[in-house]
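Chemist: Attaching a predicted model along with its sequence, questions to come.
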Amino acid sequence: MNPGKVQDLSGKRLNNAPEFKFNLGSQYDFPLGDSLGGFLTLSYRWQSKINFALNQDPVTVQKPYGVFDASVGATAGDGKYKLSLFVNNAFNKHYAVGLGNTTSGFSAPGVVASGTTWQPARDSFRYAGMRLDASF
């Protein structure tokens, strides 16, 4: 075995594993009339920094981040129908589900081409919408 190709990672955190991760959520329900109900939902999720590379490459570390979601809506028919307006990632916090550090096969005297790849999460950008649920 070539000692220059060995890395001792004892005591290091596994890749893609934050030390801390938590979720907070709440829903407030209120009457809007005899047959209508309203609700307000808030949620926040946070995680500590993670390293995406098994070899602990410092380029593939993602800093801690938190994401806030909110929705407001109304229900009818004893909860059979539900209309909600929502915004996910309200503060537009960009984060990744994967980071990579690559070196290109391109070669020229004294030139090395390298880059970092970023794979965004599905909700890594703010988005909003309306949802209609019906139960039968």
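Modeler: Thanks, I have it. Not measured: the values here are computed from a predicted model.
Chemist: CA only for contacts and neighbour counts going forward, please
Modeler: OK.
Chemist: what about the protein, any weak spots by pLDDT?
Modeler: 1-4, 103-108, 110, 112-113 (pLDDT under 70).
Chemist: What strand or helix carries residue 133?
Modeler: For residue 133, the enclosing helix or strand under DSSP states H and E is strand 127-134.
Chemist: Note down every partner strand of that strand and its orientation.
Modeler: strand 81-88 (antiparallel) (DSSP bridges).
Chemist: Could I get the full set of strands for the chain?
Modeler: Taking DSSP state E, the strands of the chain run over residues 21-31, 36-47, 50-51, 61-62, 65-76, 81-88, 96-108, 111-120, 127-134.
Chemist: If you count neighbours, what's buried in the first one?
Modeler: Across strand 21-31, burial judged by 16 or more other C-alpha atoms under 10 Å covers no residue at all.
Chemist: before we move on, what about stretch 36-44?
Modeler: Residues 36, 37, 38, 39, 40, 41, 43 are the ones in stretch 36-44 that count as buried (16+ other C-alpha under 10 Å).
Chemist: Residue 111: neighbour count?
Modeler: The burial count assigned to residue 111 is 8, neighbours taken as other C-alpha atoms under 10 Å.
Chemist: can you check the one 10 residues further on too?
Modeler: Counted with other C-alpha under 10 Å, the neighbours of residue 121 add up to 12.
Chemist: Could you do residue 14 as well?
Modeler: When neighbours are defined as other C-alpha under 10 Å, residue 14 has 17 of them.
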